[in-house]
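Novice: here are the coordinates; sequence isn't available:
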């Protein structure tokens, strides 16, 4: 408007906010975006409320969150902390990438095997926490129970990370799936408190839009 009206005051005042807004738009659309962890599914590494900077160039450049990258396309790697849109819910999730297309994933006694090879898992420590219990109406009572939590370091691909397991919880029959082509298998590091591919299935390649790069506030 300032250029059309040849008004120098409008041009000078609008330049002060137009340029920063334009730069922020470019950064958020094509390069980096802040993301806040909404749940405890990635504990202990990422806690509820943590702020991440996610790299939107990691798997290729695209405008929309869902779709095939336009340029610089690359696939997620084992152990990446990936940000994606799950097939059942149109909001971003953050999980650990465990399986790639064609992989056979088997889980026995909370130990993960990829194509019959176990992911390296080393015991770190044990903690006992006291958890308050809700009654039938949903009210928290004074009654509590002790829960034993085991922490393990896992080495998957080039990533080493800490996982959390609640002893005696979610004891299941052996679980086995084969990942279809163009799909991936993801899990939370908080293995007994995570909604992930074990419950709602695989993630299509085009649904990945970023990789978590930096934790800048916790």
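Specialist: Structure received. Predicted model, so just to flag it, every value in this text is computed and none were measured.
Novice: Can you list the low-confidence ranges for the protein?
Specialist: The model of the chain has pLDDT under 70 over residues 24, 26-31, 63, 70, 138, 140-144.
Novice: mind running it again at 50?
Specialist: Scanning the chain for pLDDT under 50 picks out nothing.
Novice: in it, which spans are strands?
Specialist: 32-36, 51-55, 81-84, 93-99, 104-108, 111-114, 117-118, 120-134, 140-156, 159-166, 175-178, 183-187, 203-204, 208-217 (DSSP state E).
Novice: So for residue 7, which of those strands sits nearest?
Specialist: For residue 7, the closest of the strands of the chain is strand 32-36, at 35.2 Å, according to CB to CB. (Glycine included, C-beta is placed from N, CA and C.)
Novice: residues making contact with the closest one?
Specialist: Residues from elsewhere that reach strand 32-36, judged by CB atoms under 8 Å, 6 or more residues apart in numbering: 27, 49-56, 83, 92, 94, 210, 212-213.
Novice: Greatest separation within those: which pair is it?
Specialist: Using CB to CB, the two most remote members of the contacts of strand 32-36 are 27 and 49, lying 22.8 Å apart.
Novice: Distance of residue 208 relative to residue 19?
Specialist: The spacing between residue 208 and residue 19, counted by CB to CB, to the nearest Å, is 31 Å.
Novice: Neighbour count for these two, which is higher?
Specialist: More crowded of residue 208 and residue 19, by other CB atoms under 10 Å: residue 208, with 25 against 10.
Novice: The more buried one touches residue 83, doesn't it?
Specialist: Yes - under the criterion of CB atoms under 8 Å, residue 208 makes contact with residue 83 at 7.5 Å.
Novice: list the buried ones in stretch 194-213?
Specialist: Across stretch 194-213, burial judged by 16 or more other CB atoms under 10 Å covers 194, 196-198, 202-212.
Novice: Looking at those residues, which is nearest residue 40?
Specialist: Once CB to CB is applied, the member of those that ends up nearest residue 40 is residue 194, at 8.5 Å.
Novice: Give me the nearest residue to that closest one, chain neighbours excluded.
Specialist: Among residues not flanking residue 194 along the chain, residue 188 sits closest, at 2.7 Å (CB to CB, 6 or more residues apart in numbering).
Novice: Now do residue 50: how many residues are near it, please.
Specialist: Neighbour tally, residue 50, other CB under 10 Å: 19.
Novice: Next up, the contacts around it.
Specialist: Residue 50 touches 36-37, 215, 217-218, counting by CB under 8 Å, 6+ apart.
Novice: from the residues you listed, which is closest to residue 173?
Specialist: Closest to residue 173, out of all of these and judged by CB to CB, is residue 37, at 30.8 Å.
Novice: isn't that closest one right up against residue 46?
Specialist: Yes - using CB under 8 Å, residue 37 makes contact with residue 46 at a distance of 5.0 Å.
Novice: Can you tell me how far the spatially most central residue of the chain is from residue 38?
Specialist: The residue lying closest to the centre of the chain (CA atoms, centre = their mean) is residue 94, at 1.5 Å. Distance, residue 94 to residue 38, using CB to CB: 9 Å.
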